[in-house]
Structures are given as C-alpha cells and as structure tokens.
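coords below, sequence missing:
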Ligand code: SAM
C-alpha cells in the first residue's frame, strides 16, 4: 500500500478511528522520493539492523525493510500498533515494539544486532522530544554505525554547525565528540500530513570508532558543556560556578 498517498493515509486513520496526535509529534511523511532517499542514505551500507524510532504508520519502516536484513521499530503510541501490523504485513523482517525510546534499555534490546551485523538509527523524529532523544543516543556510548534523523531545519543546522560558531550549541559539541554530521537535504513542510509550521532537514551522523579527544571524566565534560550553553547570558565563569 502506498502510504505516501494522502487518501490512503486518511482512509487508514479513519478505519482505525485515529487522528494524528500533535502531542506525540505525529507529522507523517507523504513524499515517496524523500522516504526513499532517507532509507537509501541512512547507514552508508554499514549496518544489518536499523533501529527506527517512531514508525508512525510505517511509511519509512517498509522502505527500510526492503533494503536491510532487519528493522526494529519502537512506537510509543499503542493505538498505532494494530495499524503497523496491517501496513507491515508483508515484511517479516520488522519487529515492532510498543515502547518509549527514552525508557527502553537499548543496550539490552540491541545486544545481538550489535554483536553481529551492526546497528544504525533512522528516524523522522517527533519534534517535541528531538534533543532529549539525540542527547540520549549520543551520550549512551552505544556503538551505532550511523544516526540519521529528520529534524526541524534549524535544529539540523545546529547539529551540523562548526563548534564555536554562532549556530553551535551544547548538542553541536555532543555530536562533534561522537561523530561527523552531514546535512543531507531539506524537506519542505508541505511534505507531511499534517504539515508542521517549519521546514525539516535530514542529518546523518557517522559515528567515530574512537573519540577525537580523551576527557578524563566524560560525564563531567557533558555536564560542563550543558551548563555553559544553558546559561548563555551569564559569563562562562558565572555559569560554571
Ligand atoms: N516515521 C513516521 C513517518 O515518517 O511518517 C512517523 C514520524 S512522526 C514525526 C513521529 C513518531 O514518533 C510518531 O509515530 C509518534 O507516535 C512517535 N513517538 C513520539 N514519541 C515517541 C517516543 N518517546 N518513543 C517512541 N516513539 C515516539
């Protein structure tokens, strides 16, 4: 079924008695060339398993399932689970789990895939929780090959900014510490249902095998970075004190 056809999306939602839930960041992608490009580009051919966060109706999930041996999809909204069973019927290599990614033990869930063919993350992230999810993934130290995410365009620019530049923030440094980020392409707001207020962009972070610097205390380093950027109006010395 073509989940990029808006009529199909509306019919499915009606058949299951659902409406997109704004509070869960449910803006569904409806442009096949975008979905296909994300699936093509998300792991540079490095991983056998893709972890998708927030499969929604399964539009990206099915494209991933066609390209990679295994897909694990974590969806918070329990009402979407029966929908995903229906839309992903033909893809036996997809495991859908009803869970909050922020409350999931990813190290346990992905133990086997990490040990065998490697894991990358691919997601059209819910806007309300983009930074916490990215921070959690980056600080987790899990050995992902790539993390590819669709985020608000402004956030994408921040993720890819040069450290120290005007656009950079705490998350820029967390990204730079773990890998190299590349803004792949932008996606206009009208390619989603419902359309969000702002345009989006897809960022791929290829994770380093070894960190470029070797801090004595990593937790302290992240906490100093967060504090410094949280209180930008104070002088650095005041914020850190
Ligand atoms: N992947 C689909 C697409 O591209 O059309 C849906 C993307 S939509 C922007 C974000 C999805 O993330 C929604 O399905 C939402 O229910 C789900 N979600 C929101 N918070 C989540 C969380 N904490 N853990 C897992 N999924 C979450």
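Arrived safely, thanks for sending. All figures in this text were calculated on a predicted structure; none of them were measured in a lab.

Give me the phi and psi for the closest residue in space to residue 27 that isn't next to it in sequence.
In this structure, residue 27 finds its nearest non-sequential neighbour in residue 192, 4.1 Å apart by C-beta to C-beta, 6 or more residues apart in numbering. C-beta: built from backbone N, CA, C; applies to glycine. Note on residue 192: its backbone torsions stand at phi -120, psi 160 [degrees, to the nearest 10].

pretty sure residue 192 contacts residue 26?
No. With contacts defined as C-beta atoms under 8 Å, residue 192 does not count as touching residue 26, sitting 9.5 Å away.

Tell me if residue 206 really is in a strand.
Yes. Inclusion of residue 206 in a strand is indicated when DSSP: H, G, I helix; E, B strand; the rest coil is applied.

average pLDDT across the longest helix along the chain?
Of all the elements of type helix in the chain, the one with the most residues (DSSP state H) is helix 218-230. The average pLDDT for helix 218-230 rounds to 74.

chain center to that helix: distance?
A distance of 22 Å separates the centroid of the chain from that of helix 218-230, by C-alpha atoms, centre = their mean, to the nearest Å.

Give the full set of residues in contact with the residue in the chain positioned nearest to the ligand.
Using C-beta to the nearest ligand atom, the single residue of the chain nearest to the ligand is residue 54, 2.1 Å away. Under the criterion of C-beta atoms under 8 Å, 6 or more residues apart in numbering, the contact list for residue 54 reads 25, 74-76, 101, 123-126.

How are the helices of this structure distributed by residue range?
Assigned helices in the chain, in chain order: 6-15, 32-41, 59-67, 81-87, 106-109, 111-115, 130-139, 153-160, 170-178, 218-230, 236-240 (criterion: DSSP H).
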